[in-house]
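A.B. asks: generate coordinates for the sequence data below:
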Amino acid sequence: MKRLSITAGAVALTVGLASPAVADRDSKDHGRATTAFGQAKLTGFASLPAETFVPNSEPSGSAIGAGPFNGITGPFADQPVQGFSGAVNRHDGSYDVLSDNGYGGKANSADFLLRVHRVAPDTKTGKVKVRGGFDLSDPYRKVPFPLTRANRVLTGADFDVESIVRAYDGSYWLGDEFGPFLLHFSSKGKLLEAPIPLDGVRAPENPYLNGAQPTIGGSKGFEGMVRSVDGRHLYPLLEGTVNGDTPGDLRFSEFDLKTRDYTGKRFIYRPESPANAIGDAIAVDKNRFLVIERDGGQGADAKFKRIYLADTRDRNGDGAMDKTLVADLMNIANPKGLGGFGETFTFPFTTIEDVVLLDDRTLAVLNDNNFPFSSGRTPGKADNNEFITIRLSQSLKADKRALR
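C.D. replies: Numbers count the residues shown, from 1 in each chain. A predicted model of the protein is given here:
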């Protein structure tokens, strides 16, 4: 989630089948990205209203003030279904989507319960149904530092969960930004192990900082996370540069699920601008990952919202993953006028934080709506959670295991 001056919580969901977009620079004049794919095409659109709440849940948003925020007044009688920062395809027409810490920081998110929602987008009707979900908790007392609630249900003051993958055993691994930590949960959302830190990397929110200097910026921890196609490794991707690294460079570290330890191997993802951020990452095969890269703009100020194919083999030898632009999310063909939009569809949100590989040429893309603070679609109106699907101009030649 992008840290705004104020952040609140009803979700805008967007999932999209992304057709590749044209790169504005090629390998001759820019060593990072090569031109290969053409314009992606919108193949599906659905939207979940911003003011969607978990029925009969607890009040939320008491620390954000009354507002109004984009026409919405706080606090809320229930928990908002918002902040989608990670998605898992359940292969039955539904997705598990992860809400982040709630309203943008520890100080204003203690009454936001961390939760995985189950949603079912219908691109024929354009609507998204919420089929339930589960809260995240620590009943086995695996977290060694104090939590917000005595019942050990986890809140946005405890962790900022921004990425999620499902292991082949059905459990979930989440990436947190406050540590940053890796968090291992059961299929029902119960924490199974103590939070796992990354050596040498500590955010300002890290509970073990004890007055020491952080080595990464606030809320710049694990924004994306890849499960390897063989299920053996995780590759959490930092959103910020570690102190001492080349400005803008982001670490993709390798974690071994058998040894429960980092291997020491890592790759570098280099954004097109040090000012850009990443939103999510998924595997295509053992060497290639899809990565969302974006600027911080929304609406008319949104210029750079893209998906790259990043290759760990670094064939040009510049020390970073090789990049190929596959989809420009600000320039998607929409010949059928889906969603009531024109022939060119844009995804102009501050935070685009979910990408799912549906088949060799189709992606689903979702936004984090920072409810109720983002208004990228319509100025002055809180963003919905949009779900889009996009078709790429050519095949990714993905490993079949990446589709599981």
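A.B. asks: please compute how far stretch 69-79 lies from its chain's middle.
C.D. replies: Once both centres are worked out by Cα atoms, centre = their mean, to the nearest Å, stretch 69-79 turns out to sit 23 Å from its chain's centre.
A.B. asks: do I have it right that Gly38 meets Arg361?
C.D. replies: No. Using Cβ atoms under 8 Å, Gly38 is not in contact with Arg361, being 11.8 Å away. C-beta: built from backbone N, CA, C; applies to glycine.
A.B. asks: who's more crowded, the two?
C.D. replies: Counted by other Cβ atoms under 10 Å, Gly38 and Arg361 do not tie: Arg361 has more neighbours, with 23 against 16.
A.B. asks: count of residues packed around the nearest residue to that one once chain neighbours are set aside?
C.D. replies: Nearest residue to Arg361, sequence neighbours excluded (Cβ to Cβ, 6 or more residues apart in numbering): Leu392, at 4.6 Å. A count of nearby residues for Leu392, using other Cβ under 10 Å, gives 25.
A.B. asks: also Thr263?
C.D. replies: 11.
A.B. asks: where along the stretch 101-250 of the chain do the strands fall?
C.D. replies: Along the stretch 101-250 of the chain, counting by DSSP state E, counting those that start in this stretch, strands occupy 115-122, 127-135, 161-166, 172-176, 181-185, 196-197, 222-227, 233-238, 250-256.
A.B. asks: include mean pLDDT, mean neighbour count and distance to Lys305 when you put the ones you listed into a markdown table, please.
C.D. replies: Output for the strands of the stretch 101-250 of the chain, formatted as a markdown table (pLDDT from 0 to 100; neighbours: other Cβ atoms under 10 Å; distance: least, Cβ to Cβ, whole Å):
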| stretch | mean pLDDT | mean neighbour count | distance to Lys305 |
| --- | --- | --- | --- |
| strand 115-122 | 98 | 22 | 20 |
| strand 127-135 | 98 | 17 | 21 |
| strand 161-166 | 98 | 26 | 17 |
| strand 172-176 | 98 | 26 | 21 |
| strand 181-185 | 98 | 24 | 27 |
| strand 196-197 | 98 | 18 | 31 |
| strand 222-227 | 98 | 26 | 15 |
| strand 233-238 | 98 | 25 | 17 |
| strand 250-256 | 98 | 21 | 17 |
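A.B. asks: can you lay out these as JSON lines showing distance to Asp311?
C.D. replies: Below are these laid out as JSON lines (distance: least, Cβ to Cβ, whole Å):
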{"stretch": "strand 115-122", "distance to Asp311": "30"}
{"stretch": "strand 127-135", "distance to Asp311": "33"}
{"stretch": "strand 161-166", "distance to Asp311": "20"}
{"stretch": "strand 172-176", "distance to Asp311": "22"}
{"stretch": "strand 181-185", "distance to Asp311": "24"}
{"stretch": "strand 196-197", "distance to Asp311": "27"}
{"stretch": "strand 222-227", "distance to Asp311": "13"}
{"stretch": "strand 233-238", "distance to Asp311": "13"}
{"stretch": "strand 250-256", "distance to Asp311": "12"}
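A.B. asks: could I get the full set of helices for the stretch 301-404 of the chain?
C.D. replies: Secondary structure of the stretch 301-404 of the chain (DSSP state H, counting those that start in this stretch): no helices located.
A.B. asks: for Asp354, see how far away the residue nearest to Asp176 when sequence neighbours are not counted is.
C.D. replies: Nearest residue to Asp176 in three dimensions, chain neighbours excluded: Phe159, at 4.6 Å (Cβ to Cβ, 6+ apart). To Asp354, Phe159 is 18 Å away according to Cβ to Cβ, to the nearest Å.
A.B. asks: with Ala87 instead?
C.D. replies: Distance, Ala87 to Asp354, by Cβ to Cβ: 4 Å.
A.B. asks: same question, Leu192
C.D. replies: In terms of Cβ to Cβ, Leu192 sits 24 Å off from Asp354.
A.B. asks: please say which of the two ends up with more neighbours.
C.D. replies: The neighbour count for Leu192 versus Asp354, taken as other Cβ under 10 Å, is higher for Asp354 (31 against 14).
A.B. asks: okay but the more buried one is in contact with Gly83, surely?
C.D. replies: No. Contact criterion Cβ under 8 Å: Asp354 and Gly83 do not qualify, at 10.9 Å.
A.B. asks: mutual contacts of the two, please.
C.D. replies: Taking Cβ atoms under 8 Å, 6 or more residues apart in numbering as the contact rule, Asp354 and Gly83 both touch Asp368.
A.B. asks: I figured the residue nearest to Arg361 hits Thr362, correct?
C.D. replies: Yes. Assessed by Cβ under 8 Å, Leu392 is found in contact with Thr362 at 7.3 Å.
A.B. asks: which SSE is immediately downstream of the helix or strand of the chain with the lowest mean pLDDT?
C.D. replies: When the helices and strands of the chain are scored by mean pLDDT, DSSP states H and E, strand 33-35 comes last with a mean of 65. Using DSSP states H and E, the next helix or strand after strand 33-35 towards the C-terminus is strand 41-48.
A.B. asks: against which helices or strands is that next one packed?
C.D. replies: Contact analysis of strand 41-48 by 3 or more Cβ pairs under 8 Å, 6 or more residues apart in numbering; DSSP states H and E lists strand 115-122, strand 127-135, strand 332-333, strand 385-391 as its packing neighbours.
A.B. asks: and with 6 Å instead?
C.D. replies: strand 127-135, strand 385-391 (3 or more Cβ pairs under 6 Å, 6 or more residues apart in numbering; DSSP states H and E).
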